[in-house]
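Got a predicted structure plus its sequence, pasted below:
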Amino acid sequence: MNKILLIATLSLSATASFAAHELENRDITNGQTLYAENCAACHGAQLQGQPNWQTPDENGTMRAPPHDASGHTWHHDNQLLFDYTWFGGQQSLAARGVTGFSSNMPAFQDTITQEDVWDILGYIRSTWPEYERRVQDSRNPPHN
């Protein structure tokens, strides 16, 4: 009986360490509300982004991309998405040594909490089809 319990416990632990990450079990309703209040003006109420989002504007700055499956948000790991939102586009890119890319993404560290950022990202992720969620999940290190 103890062997069965031990095997079951180890199986659950192994599954959880590969499946769990920061965007799971978020407050999606809070994230959706905060997205509407803080993100939709640039990224669109339906997460559709700005027109011509892949082309720089007249100042050479990239437009706000979509956060739905048509965009590239799901191509990035959780930490990059968090940092980009928390610190703002330019500071986040500079910290990673990225040059030659201009972003208007503001920093939200003085506007909302870290948990709120995770809830917003969790909401965005919740709108993606299964394939995009699996790909994005694979970009993250396993958590215990």
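Perfect, I can see it now.

so where's the protein shaky on pLDDT?
For the chain, the stretches flagged by pLDDT under 70 are 1-20, 143-144.

try it again with 80
1-21, 143-144 (pLDDT under 80).

Would you verify that Gln48 is located in a strand?
No: counting by DSSP: H, G, I helix; E, B strand; the rest coil, Gln48 is located in no strand; its state is coil.

ok, it to Ser70 distance?
Going from Gln48 to Ser70 by CB to CB, to the nearest Å gives 8 Å. Every residue, glycine included, has its C-beta placed from N, CA and C.

So between these two, which is more surrounded?
Taking neighbours as other CB atoms under 10 Å, Gln48 and Ser70 compare with Gln48 leading, 17 against 14.

shouldn't the more buried one be in contact with Ala69?
No: counting by CB atoms under 8 Å, Gln48 sits too far from Ala69 to count as a contact (10.8 Å).
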